[in-house]
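Student: how would this look folded up:
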Amino acid sequence: MEDNYTLRIDPESRDITFDADGMMETVAGDDTTAQAVRLTLQTWLGEFALVPSHGTDYEAIMGKKPKDLTEDEIPEVIRAAIFQEPEVQEVEEVNYTQTGRALDISFVGRLANGNTISTEVTMN
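Tutor: A predicted model of the protein is given here:
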């Protein structure tokens, strides 16, 4: 796989990061894919106007009472979002905890190059 890179996005502020010299920071390789998945999980489906099909369909799960959700509904919504990143070949593990309106998500996935990535996201 060709080494890819992109600007580093802060997980908390979702803004571009800068080093001590004021230069924009980058991420490369598998970290690029992990960041892309994290950003997809932090984006509601339809939120990004230029690509309305990008994001996670939180409306399908956050708009329902927990008792009305089937056991695999939340993991399937999460998996669908993760697979928007073409380098992800397999989702090995999805964990989530829903507390009120907050949803904590963690996942482990395998990339096309055989490497493993993981990330965590909290949605409110």
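
Student: contacting residues for residue 107?
Tutor: 37, 78, 82, 91, 93-95, 118-119 (C-beta atoms under 8 Å, 6 or more residues apart in numbering). Just so you know, the C-beta spots here come from the backbone N, C-alpha and C atoms, and that holds for glycine as well.

Student: should've said residue 16
Tutor: Per C-beta under 8 Å, 6+ apart, neighbours of residue 16: 7-10, 24-25.

Student: if I look at the nearest residue to residue 101 once chain neighbours are set aside, how far off is residue 32?
Tutor: In space, and not counting its chain neighbours, residue 101 is closest to residue 124: 6.2 Å by C-beta to C-beta, 6 or more residues apart in numbering. According to C-beta to C-beta, to the nearest Å, residue 124 stands 26 Å off from residue 32.

Student: okay, those two: which has more neighbours?
Tutor: residue 32 (20 against 7; other C-beta atoms under 10 Å).

Student: Okay, buried residues for stretch 117-124 please.
Tutor: Of the residues in stretch 117-124, 117, 119, 121, 123 count as buried by neighbour count, 16 or more other C-beta atoms under 10 Å.

Student: Quickly find the element holding the nearest residue to the second one once chain neighbours are set aside.
Tutor: Leaving out its chain neighbours, the residue that sits closest to residue 119 by C-beta to C-beta, 6+ apart is residue 38, at 4.5 Å. Assigned by DSSP states H and E, residue 38 belongs to helix 30-41.

Student: Low-confidence regions, this structure specifically.
Tutor: 1-2 (pLDDT under 70).

Student: Using just helix, strand and coil, how would you label the closest residue to residue 34 other than its chain neighbours?
Tutor: Using C-beta to C-beta, 6+ apart and skipping the chain neighbours, the partner closest in space to residue 34 is residue 117 (4.2 Å). Assigned by DSSP: H, G, I helix; E, B strand; the rest coil, the conformation of residue 117 is strand.

Student: same question, the one 5 residues further on
Tutor: Classification of residue 122 into helix, strand or coil gives strand, according to three-state DSSP.
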